[in-house]
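S.K.: Sequence plus the predicted model coming up.
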Amino acid sequence: MFAGTYWNGPRSLFLAACGAAPDVLNPHLSIAARHASWSHGLPALAMAAIFLLAAGRMRKWGLDTRLAAWGTAAYAAHLLCDAISGGISPLYPFGETVVGKYYVHPSLWLPLDMVCALTVYMTMSAIPRWRRGRSGAEAGSTP
């Protein structure tokens, strides 16, 4: 699934941007600001999904439906991670009930962000490149 040239740099960068979109669209410096953030709710996720999937149907933008679905999943994963690290208000601006808790202590946020970024990099870029190099070396070494 991840092998080959489909997950090249621009596509991986697009997925990283989709995952960071809730914080980029509406930056916040506190948990209270996150709870009042329109970009950290299910209505924003639905709008992002509709936009991405519609854009995925327009080939002239260079975005296909599969990549748009992965972008939507990256946005949703961000919301899930925020839910377990202080909570989100999933229906904001239509409701202000906070869902989630501090399952992950704030002192671990930065190290875990780095682990997540490294995992995405390894999955999307380094491992497929290593496999291509390894298969090429094996093909050249057989008599």
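M.R.: Great, that's in hand.

S.K.: Now do the longest helix seen in the chain: which elements does it pack against?
M.R.: Secondary structure of the chain per DSSP state H: the longest helix is helix 65-83. Counting contacts by 3 or more CB pairs under 8 Å, 6 or more residues apart in numbering; DSSP states H and E, helix 65-83 packs against helix 9-25, helix 42-57. Yep, even glycine has a C-beta here, placed from its N, CA and C like the rest.

S.K.: Kindly calculate the angle that the first one makes with helix 42-57.
M.R.: When you say that, I think you mean helix 9-25. Inter-element angle recorded for helix 9-25 and helix 42-57: 150 degrees (by axes from the mean of the first three to the mean of the last three CA atoms, to 10 degrees).

S.K.: Quick one: name whatever helix or strand follows helix 9-25.
M.R.: helix 31-35 (DSSP states H and E).

S.K.: residues of that next one that come out buried?
M.R.: For helix 31-35, the neighbour count (16 or more other CB atoms under 10 Å) marks 31, 34, 35 as buried.

S.K.: Mind listing residues that contact the longest helix of the chain?
M.R.: Helix 65-83 is contacted from outside by 11, 14-16, 18-23, 34, 40-42, 45, 48-49, 52-53, 55-57, 88, 90, 99-100, 116, using CB atoms under 8 Å, 6 or more residues apart in numbering.

S.K.: ok, and the helix or strand in the protein with the lowest average confidence?
M.R.: Counting by mean pLDDT, DSSP states H and E, the chain has its least confident helix or strand at helix 127-141, which shows a mean of 66.

S.K.: gap between residue 93 and residue 115?
M.R.: Counting by CB to CB, to the nearest Å, the gap from residue 93 to residue 115 is 32 Å.

S.K.: so where is the protein shaky, pLDDT-wise?
M.R.: For the chain, applying pLDDT under 70 flags the ranges 1-9, 59-62, 124, 126-128, 136-143.

S.K.: Let's see that with 90 instead.
M.R.: By pLDDT under 90, the weakly predicted segments of the chain are 1-20, 23-24, 26-35, 53-71, 81, 84-87, 92-97, 99-143.
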